[in-house]
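Peer 1: Just a sequence and a predicted model for now, questions to come.
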Amino acid sequence: MDMPDFLGKYFWDIDINKLDKGKHSGFIIERILEFGDIEVLRWLFKIYPLNDIKDTLKKSRILSRKSANFWSIFLDVDRGEIKCMKRFYQKKQEKIWNY
C-alpha cells in the first residue's frame, strides 16, 4: 500500500515512495510524533496500533523533550520509560572541533 501524498512534507529528506509502513514503522511514527499536524496524526492512529506508537515513543532517542513530554502525557506513558527523556540522552555533545 502506498503512502498518502499528504505525508510528503514530513519526509522531505527521503523518497516517500520507498517507505514501507511495516518495515519503517518506527521512523514514520517518530517523524509524525515530532512534526505532525492533526490530519497526519489521525492517519497515524488509524494505521498503527496504540501499543506500537507507545513502544516507539519509549524507544525514541531523537524526539525533542517538548514532544516526548507531550506524548507521554497524551498517551499515558511514564516519562522514566522514554529513552530521550533520560539524562544521558539530554546532554549536549562537546565540540569535537573548535572552529
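Peer 2: Everything's here; your move. Values in this document were obtained by computation on a predicted structure and should not be read as measured data.

Peer 1: what kind of secondary structure is the residue nearest the centre of the chain in?
Peer 2: The central residue of the chain, meaning the one whose C-alpha is nearest the mean C-alpha position (C-alpha atoms, centre = their mean), is Glu30 at 1.2 Å. Following DSSP: H, G, I helix; E, B strand; the rest coil, we place Glu30 in the helix state.

Peer 1: Which residues belonging to stretch 73-80 are considered buried?
Peer 2: Val77 (16 or more other C-beta atoms under 10 Å). C-beta coordinates here come from the backbone N, C-alpha and C atoms, glycine included.

Peer 1: Looks like Lys21 contacts Pro4 (just checking).
Peer 2: No: counting by C-beta atoms under 8 Å, Lys21 sits too far from Pro4 to count as a contact (10.5 Å).

Peer 1: Which stretches in this protein count as helices?
Peer 2: Along the chain, counting by DSSP state H, helices occupy 25-35, 38-47, 50-59, 65-74, 87-90.

Peer 1: The third one - what's its average pLDDT?
Peer 2: Averaging pLDDT along helix 50-59 yields 95.
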